[in-house]
Every structure is written in structure tokens, then in C-alpha cells.
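S.K.: Here's my sequence, what's the structure:
(chains A and B)
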Number of protein chains: 2
Amino acid sequence: MPETLDIAVVGATGLVGEALVELLDERDFPVANLYLLASGESAGKSVAFRGRNIRVGKLDDFDFAKVRLAFLSVGAEAAVDCAARAVAAGCSVIDLSGASLNNAAALLAQACVNGDAVETLQLPALIAAPAAPAAEVAEVLAALRGVLELRQVTVSACLSASALGREGVQELARQTAELLNARPLEPRLVDRQFAFNMLAQLGGVDEQGYSVVERRVAAELAVLFPELKSGLSVTCSLAPVFFGDTLMLSIKAAAPVSLATVSAALDAAEGIELVEDDYPTVIGDAQGQDSVYVGRLRTGLTDSCELNLWIASDNVRKGAALNAVNLGELLIKHYL
Amino acid sequence: MPETLDIAVVGATGLVGEALVELLDERDFPVANLYLLASGESAGKSVAFRGRNIRVGKLDDFDFAKVRLAFLSVGAEAAVDCAARAVAAGCSVIDLSGASLNNAAALLAQACVNGDAVETLQLPALIAAPAAPAAEVAEVLAALRGVLELRQVTVSACLSASALGREGVQELARQTAELLNARPLEPRLVDRQFAFNMLAQLGGVDEQGYSVVERRVAAELAVLFPELKSGLSVTCSLAPVFFGDTLMLSIKAAAPVSLATVSAALDAAEGIELVEDDYPTVIGDAQGQDSVYVGRLRTGLTDSCELNLWIASDNVRKGAALNAVNLGELLIKHYL
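M.R.: Next comes the predicted model:
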């Protein structure tokens, strides 16, 4: 068996792509050759990995037979095509785009929920990684599942500019600077003032009024937690914050909730940092960290079967990239 | 019967106090003499009303026998004392502080919910006005109550810097400017970075983990909507936004929700502006307006008895001040 694998990161110049490359380095992922790929515009840039600069190649020209595993962090349309090409070439895929969710050949997976299923996959494998907010909620629900029978979960999410990618971060920065310098505000990426304003949704909504990310989060949580299939409510708003997801969860269990038990379960969970004396926020706590931060544990005002809590997480690093790398760490056991 | 009344606004230099004075003017409230009052530090300032400047007097020295009605927009402790002094002097009180909620002699009122009860009060009357987020939710629930049997309401609120008063607004502005100018951040009013960060709560929490505003909102909604007494869940976070409340509501009704019916009920409600093609936000829609803006109407992902919606409202003008002035407009029918 080899000791290292040839790996590709598709969408390497995006926020999540960069975090993927960083984490592959930091976690000593057994990489032989690393191929960084992007669509037309971004190809040609260089990204540092293990002390050298790797030139980003064109996705269209790439032969996936060169690698054993590819991480896909591109738009859903590009991901469908790319996943098909990769698997046909014998390369396993971890797709972060959401596009593989409805592909019957794909396994939706999160290490802390169904990581064992990854180890029994046929190769080449196609794994769908959840959206960052779904992964963050799933991390918490996986820990709670051992001590609560989950009935309903209401997720009220305040996502950040980075959920719109690097351009979202730039839009918020530009708008904020314009306002503070008393210059006329020119919204570009979004259709209105985003600085110092809460936006109700990301992008457009479907006929029933739900956005793509809300549908995705709900569908992914329903797969990972079938007991919640008829008990999920998801709203994703957009806060004028550069990085990090903050989520308000209201959970209904089948029986009265013991905070001591819940607290012990969260405290024992590997990917969770429980903050009990104070509360965690994205800045100062979650940003740049490898844990989902949880605080404000409290039972319902009048319903003892209700548990409310607050989550702060680095959506780019923890919610998206680390989650995918963790899946990669499980998958490569097939190869090494 | 007289045609005008002598009125006092206590806390006249605060954000809500200023909005009260503005609204008394704009709405041609039948004011004879207007007394503006504040505690030590702010007394002596001047505030414009109907084209002249009124000097703000010291609250401690004021004889409430001079006025028939006083609006109280001060801290809860000062309000308790002040309400007692006023009522003892024969002056009716509309208390915005929350302090009167637990006073058996007070009526918690909102014009659109139980305005008729105001008209039958004994004088001098003590009326408690709800906190801004409670008033905003109540405005929407009052309209829905005619078409839905309400079972549960989960309120996930993103309040703004102005919920901390003028100092909160200054704190957010100062922190934002420091960060954009790459100067070291010095949190003063809050214990951490507030600029570009979501805070999980306002102030401290009690033993059960709830903040003062969360308890107040839940208690007030339970009084105004007794059918929800055991069905309320309230979380109040703080967004890096200067003015305006944004609220995500998830409502469970006793029967399947008809969006057409709900939409018609909200559209017909006087204090509500329903936005159906797009979604409303605080900036550009709600700020400076006299309506609660409602959007993103949608039934549950899987539960047809669930209704989700989004509220944007000017917390200072609409949520607090206008609501109190509307109560005043009902109360003065006793005098005129």
C-alpha cells in the first residue's frame, strides 16, 4: 500500500478552497502531488502549500485519472460535471457544493454522524459534504442524539458575508467604508445596503419561499437525522459580519431535558467547544478554530422538553473545509 | 372639557424620548404645556418641539400634579419611583420601561390588541407599554389571531445597537471606525468586539439563562396572547446594526395555514406593511416608518400548520415611541 496519495482541490482560489489547502498541510494529510484547479479566470494564480507555490491549473483541461481523491468547492453546476468526470476516471470525490445531494450514487456524510459508512464505500466513492450551517447543526445534534430523543429543531441562522464567497466579504467591506466616509452607497453584489443591515435571505427563493441554502440545510439534516424528517424549520438570514455563522437553535425533545446531561454530552464531543460561564461569538472564539462553539444552553421558558442554544462557528474553516478534510481522512483508509 | 392637556416626557433626551417628542408633534397630540424631564446629567439640555426649544428639567424636582399624562422612558428602577409619584399626584402614566409589568395596578396594553381596555380605565391610569420586540411581534400576532388559532411562537430576534440606547449606537460606530482604520479595538460598553460580530444576548442572564429583555418579551406576549402562555420561545441576540429590530418568527397554528388568508389579514392590518415580491429590511424599508414590515411568508417545510415570517421594524420609533403615543391617544379620550 502507498503511504501518500495524489490529491486535487477544485476551486482552490475560493475562500473554502484556500482553507482546504491550509488544512491538508496543517493536518499532515498524506498528499503526494497536490493539484490545484480552478475555472478560467483564477487559473494561473499561485497558492502556497508546504513551503512551495503551486500554480493553479485549468479545471477544464485536467485529467482526473492523475489523482485518487478530489475535493470539489465550486458552484453546483460545475460540480455535477466535475464529479462525473472524476468518478469516471476512477477518482473518489468529496463534493462540498451540494450538487451531489440528489445523486443516488452519493453518500451524504459527516464524520461525527455517519463516518463509519464512509469506511465501507465502494471505490471510487462520491461523498456529499453538508453545507456549513447543516454541518454545524449536525455536529451539535449528533452529540445531543445520545441523550435526547429529538422531535423538532428550529434553526434561525445568521450567516455572514463569506457565505457569498470572497465577493461577499469585499461587498461588505466596500459598503461599510463608503458609509463611514459619507460617500454614496453603491450596492453591487446584493440589491441593497448590506452594511449595518440584516438581510432576510441569501439570493432568491423558490415558489414556496425558501432559498437554496435553506432547502439544502433542511434536506441534509433530514438525511443525517431521519427522526427529524418532519420536524425541521430552517431560516437563513445574512448578518453584516465578515466571517462565521451564528445559529439560534430551538429543539423539542420527547422528554424533559436535563441541562446537566446535555452539557456533559456536548462537553465530551470532540468537535464541540462548550462555553458555559459566558457565551461564544464568532470573533474572539470560533474564527480560525476547529470546533463548533456552543453556549446559552437553557430549557424552554415553560416547556421542559425544549432546549435552546446558540452556536458560533467558522463557516469557512470548520463548517466547510475541516468537515470535508475529516471525510477525506476516513476515505483514504481505503487507499493506504 | 379642555381641548389640550399638559404632558410630561420623562427621559426626553434618550433615543426613545426624542422619538416620543417628535411623534407628539407630528401627530398633533393635543399638548398644552410639554414638560421634558431627565435625570441629573441630561437636565439643562434643550429639545425642539413645535418650533421652540424646551429646556429639559430635573426629574427629581418635578411636581407631577402639573400634568395629566406622563410618558416614562427611563430605566426600570427610576420608572418604579416615578410612576408611583405621578399616579399619587393624579397624573396618568404610560410606562415604557417594563417596570410596571409586575404591578397589579397597571394594564399592559397595545392599541391593536387590547386598546378597548384602555378606554375603560379608572383615572389616573397606569399603562405598561411592551418592549419594542414584543410590540412588533404583537402587532403581527394580533392580525394573525383573526385567521389562525395560535399554538406556539418561536421568536429569534436580532436586535440592534439602539437597544442599548445612544451609547450602544456610539459603541458600534466607534468600534467599526477603529477596525476600518486598523487601530486597536477597545470595547467599552460591551465586553468584546461588537463591530462585525453577532452577540448572543443583551446584558447578563438569570439562573435559567434568560436575559431581562427575553423574559420581558415572553411575559408581555403571554399577557397579550394568553393562548400562547405555554407556547413561547424567545431568543434576543444583538446584531452589528445601528437601528431596527429584525425578527424571525416560526409559528405553529392549530390547523393548516392558508397563505392567501394570512396575507390578506396582514395586508388589512393598519400598523403592518406587507412586502410580498421582495423582502423588507430595516435600512431602506422600516427605518423612520410607522409600520412593522413583514415579509418572507411561508408555510413549514413539512408542517402545513407552520407559518414562518420575517419582521423588520424601527425599534425606537415604531416599536417603542409610536406604540406609546397610540396608547396615549386612546387614554386622552378620558380627558378631552
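
S.K.: Now do the host helix or strand of A:Leu331, average pLDDT.
M.R.: Taking DSSP states H and E as the criterion, the element that holds A:Leu331 is helix A:323-331. For helix A:323-331, mean pLDDT is 97.

S.K.: residues making contact with that helix?
M.R.: Residues from elsewhere that reach helix A:323-331 (CB atoms under 8 Å, 6 or more residues apart in numbering or on different chains): A:20, A:23-24, A:27, A:29, A:69, A:71, A:73, A:92, A:94, A:96, A:109-111, A:115, A:118-119, A:121, A:125, A:127, A:129-130, A:132, A:135. Using the backbone N, CA and C atoms, a C-beta is placed for each residue, glycine as well.

S.K.: now stretch A:181-190
M.R.: Contact partners of stretch A:181-190, identified using CB under 8 Å, 6+ apart, comprise A:164, A:167-168, A:170-171, A:174-175, A:177-179, A:193-195, A:199.

S.K.: Columns neighbour count and pLDDT on top of these, output as a markdown table?
M.R.: Output for the contacts of stretch A:181-190, formatted as a markdown table (neighbours: other CB atoms under 10 Å in any protein chain shown; pLDDT from 0 to 100):
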| residue | neighbour count | pLDDT |
| --- | --- | --- |
| A:Leu164 | 20 | 96 |
| A:Glu167 | 14 | 96 |
| A:Gly168 | 21 | 97 |
| A:Gln170 | 15 | 97 |
| A:Glu171 | 19 | 97 |
| A:Arg174 | 18 | 95 |
| A:Gln175 | 24 | 96 |
| A:Ala177 | 13 | 92 |
| A:Glu178 | 16 | 93 |
| A:Leu179 | 16 | 92 |
| A:Gln193 | 18 | 97 |
| A:Phe194 | 26 | 97 |
| A:Ala195 | 23 | 97 |
| A:Leu199 | 21 | 98 |
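
S.K.: Cross those residues against helices and list the overlap.
M.R.: A:167-168, A:170-171, A:174-175, A:177-179 (DSSP state H).

S.K.: for A:Ala83, what are its contacts?
M.R.: Counted by CB under 8 Å, 6+ apart, A:Ala83 has contacts A:72, A:93, A:95, A:99-100, A:103, A:106, A:126.

S.K.: Among those residues, which pair sits farthest apart?
M.R.: Pairwise distances across the contacts of A:Ala83 peak at 12.3 Å for A:Leu72 and A:Asn103 (criterion: CB to CB).

S.K.: Would you mind telling me which of the two has the busier surroundings?
M.R.: The residue with more neighbours, out of A:Leu72 and A:Asn103, is A:Leu72; 31 against 16, by other CB atoms under 10 Å in any protein chain shown.

S.K.: That one bridge partners, please.
M.R.: Bridge pairing for A:Leu72 (DSSP bridges) gives the partners A:Val10, A:Asp95.

S.K.: burial count for the closest residue to A:Gly204 other than its chain neighbours?
M.R.: Of all residues not flanking A:Gly204 in the chain, A:Ser211 sits nearest, at 7.0 Å (CB to CB, 6 or more residues apart in numbering or on different chains). Neighbours of A:Ser211 under the rule other CB under 10 Å: 21.

S.K.: just the one 5 residues further on next, same as before
M.R.: Residues lying near A:Arg216 (other CB under 10 Å) number 21.

S.K.: Quickly find the element holding it.
M.R.: Per DSSP H and E: A:Arg216 is located in helix A:212-224.

S.K.: what do you get for A:Leu37?
M.R.: strand A:31-38.

S.K.: From the contact counts, what lies against that strand?
M.R.: With contacts defined as 3 or more CB pairs under 8 Å, 6 or more residues apart in numbering or on different chains; DSSP states H and E, strand A:31-38 has these neighbours: strand A:5-10, helix A:15-26, strand A:46-49, strand A:52-55, strand A:57-58.

S.K.: Please repeat the previous calculation with a cut-off of 10 Å.
M.R.: Counting contacts by 3 or more CB pairs under 10 Å, 6 or more residues apart in numbering or on different chains; DSSP states H and E, strand A:31-38 is packed against strand A:5-10, helix A:15-26, strand A:46-49, strand A:52-55, strand A:57-58, strand A:69-72.

S.K.: who does the first one touch, helix- and strand-wise?
M.R.: Using 3+ CB pairs under 10 Å, 6+ apart as the contact criterion, the neighbours of strand A:5-10 among helices and strands are helix A:15-26, strand A:31-38, strand A:69-72, helix A:76-88, strand A:92-95, helix A:323-331.

S.K.: and after the fifth one, which helix or strand comes next?
M.R.: Going back to what we said before, that points to strand A:92-95. strand A:107-108.

S.K.: average model confidence for that next one?
M.R.: 98.

S.K.: List the neighbouring strands of it plus their orientation.
M.R.: strand A:126-128 (parallel).

S.K.: can you pull the pLDDT of the residue lying farthest from the centre of chain A?
M.R.: Residue farthest from the centre of chain A, counting by CA atoms, centre = their mean, is A:Ala182 at 36.0 Å. Per-residue pLDDT puts A:Ala182 at 88.

S.K.: Please report the distance of it from chain B.
M.R.: Separation of A:Ala182 from chain B (CB to the nearest CB, to the nearest Å): 12 Å.

S.K.: What of A:Gln289?
M.R.: For A:Gln289, the distance to chain B - CB to the nearest CB - is 15 Å.

S.K.: okay, that residue: pLDDT?
M.R.: A:Gln289 is given a pLDDT of 97.

S.K.: Likewise for A:Cys305?
M.R.: For A:Cys305, the model assigns a pLDDT of 98.

S.K.: residues near the residue nearest to A:Phe243 when sequence neighbours are not counted, how many?
M.R.: Leaving out its chain neighbours, the residue that sits closest to A:Phe243 by CB to CB, 6+ apart is A:Ser162, at 4.9 Å. If you count neighbours by other CB under 10 Å, A:Ser162 ends up with 24.

S.K.: Now do the same contact list for A:Ser162.
M.R.: Contact partners of A:Ser162, counting by CB atoms under 10 Å, 6 or more residues apart in numbering or on different chains, are A:15-16, A:132, A:168-169, A:172, A:241-245, A:314-316, A:319-320.

S.K.: mind listing what the residue nearest to A:Lys66 when sequence neighbours are not counted touches?
M.R.: Leaving aside its chain neighbours, A:Lys66 sits nearest to A:Asp6 (6.1 Å; criterion: CB to CB, 6+ apart). By CB under 10 Å, 6+ apart, A:Asp6 lies in contact with A:31-35, A:66-70, A:91.

S.K.: the inter-axis angle of the strand holding A:Leu37 versus strand A:5-10?
M.R.: Here strand A:31-38 runs at an angle of 20 degrees relative to strand A:5-10 (axes from the mean of the first three to the mean of the last three CA atoms, to 10 degrees).

S.K.: Would you mind getting the angle between strand A:31-38 and helix A:15-26?
M.R.: Using the same axes, to 10 degrees: strand A:31-38 against helix A:15-26 is 170 degrees.

S.K.: got the angle between strand A:31-38 and helix A:76-88?
M.R.: Counting by the same axes, to 10 degrees, strand A:31-38 lies at 150 degrees to helix A:76-88.
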